[in-house]
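**Q** When you get a sec, could you give me coordinates for this:
(one chain, ligands or ions: 1)
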Amino acid sequence: MRRIKEKHALFFNSINDFKSFLSESTLSRKRLPIDPSSCGRELDKKVRFMMDKANKLENELTRNEIIKVRSLFRRAMCDCIKKSKILKRFLEKPLGYPGDYFMFEMIYNQEILSKNKIGIYFDRNVLTHPVAQSMIERKECIKNLIDSFITSSNKKELNILNLGCGSARELKELFASKKYSKKLIFELVDQDNRALNYAKTNLSKINANNLNFLYHKKNILNIVKKEDLILNNGDKYDLIYSIGLVDYFFGNIFENFINNLLRKIKNHGKIIIACCSTNSYKDFTYLKWFSDWNLVLRCPNRLEKYLSRICNGKRVKIIKASSNAIFFVEISS
Ligand SMILES: C[S@@+](CC[C@H](N)C(=O)[O-])C[C@H]1O[C@@H](n2cnc3c(N)ncnc32)[C@H](O)[C@@H]1O
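**A** Down below sits the predicted model:
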């Protein structure tokens, strides 16, 4: 450990610099408000500087060294991280896995939850971070994509499958502003009952006779391994979508997942999957270093070529967002 610290003194100095600036500003008689004053902006600059250095280290170190240095970083920063209600949850993962439905509710709500200065600073810092903002954009984009799928279809009834639904916030928001005359049957799948119950509570408040929501507690990885995605008596779907799920699929799980979905899609149906992008890999450093939240990033162009190869005969399209951190892949049958 000491060897690593000495070898990468510049990086560890940047942590010390950040922390001493933080304690000077919070303890100073002037009691500078951390948010959103010049002091807050100075701290933002120092966080960005640390993350730039962290990015450089990612390119220089071995896999094992990176893991060690990241954990040294979190140990050094943990008193700050734990003052922020939001970063604390990201780091501690109280439901046992990263990216639980409530972490996303925190991002979507954009509310500062901490009461102390350092906590307020980090709540704001994480909520305004480009990755958090891209998650909000992802939700907005999927609302538009679902809406245009529903309105452009000439069917009277549509079956829609949402995989890794979490709080299904996009559906709550979509139906708060839109009414459709078609019958819409949504099936929501998640591994976590707490997420499904939360989604159910919210979606049950929607007052519309043409809407039907079905909930399935399933581990999609198990379904993928058994190579069949049997939910509602083996029915097929007009639209299958997923946001914030495949970012946790390493190796060939993703390919099996897509192959599985291809068998579950009706003629003229669509699969829409959101991915995190390698185009913005530097932004994801923050999540990895501050909260040990690791995501699989994908290259849009390579993914398009790869999917065009495995989805023979289907049209594969990449849908870009204004944030470089995310994109959607759309497969039309
Ligand atoms: C990052 S959240 C995204 C939630 C929601 N789609 C959104 O974007 O707000 C991922 C969700 O996928 C669920 N999930 C992760 N891995 C899963 C798996 N193997 N099977 C089923 N659900 C899974 C988690 O429980 C969590 O609710």
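
**Q** surely Lys143 meets Glu173?
**A** Yes: Lys143 is within contact range of Glu173, at 6.2 Å (criterion: C-beta atoms under 8 Å). Where you see a C-beta, it was placed from the backbone N, CA and C, and this is true even at glycine.

**Q** between those two, who's got more neighbours?
**A** Comparing Lys143 with Glu173 by other C-beta atoms under 10 Å, the one with more neighbours is Lys143, at 18 against 15.

**Q** Ala212 belongs to a strand?
**A** Quick fix: residue 212 reads Asn, not Ala. Yes: under DSSP: H, G, I helix; E, B strand; the rest coil, Asn212 sits within a strand.

**Q** beta partners for His216?
**A** Val189 (DSSP bridges).

**Q** Revised request: answer the last question for Phe328.
**A** Ala274, Ile319.

**Q** So the residue in the stretch 201-333 of the chain that the ligand sits nearest to versus Lys139, what's the distance?
**A** Going by C-beta to the nearest ligand atom, the ligand is nearest to Gly244 of the stretch 201-333 of the chain, at 3.0 Å. As defined by C-beta to C-beta, to the nearest Å, Gly244 lies at a distance of 9 Å from Lys139.

**Q** More neighbours: which of the two?
**A** Gly244 (22 against 18).

**Q** secondary structure class for that one?
**A** Gly244 is classified as coil under three-state DSSP.

**Q** Next, the buried residues of stretch 152-171.
**A** 153, 158-171 (16 or more other C-beta atoms under 10 Å).

**Q** That stretch and the ligand in contact?
**A** Yes: applying C-beta under 6 Å from any ligand atom, one finds stretch 152-171 touching the ligand at 164-167, 169.

**Q** Check these and tell me the two furthest apart.
**A** Within the residues of stretch 152-171 next to the ligand, Gly164 and Arg169 form the most distant pair, 12.7 Å apart (C-beta to C-beta).

**Q** Grab the nearest non-local neighbour of whichever residue of the chain sits closest to the ligand.
**A** Closest to the ligand within the chain is Gly166: 2.4 Å, counting by C-beta to the nearest ligand atom. Nearest in space to Gly166, with sequence neighbours left out and distances taken as C-beta to C-beta, 6 or more residues apart in numbering, is Tyr101 at 3.9 Å.

**Q** Confirm for me that the one you found is in contact with Gln191.
**A** No: using C-beta under 8 Å, Tyr101 is not in contact with Gln191, being 10.7 Å away.
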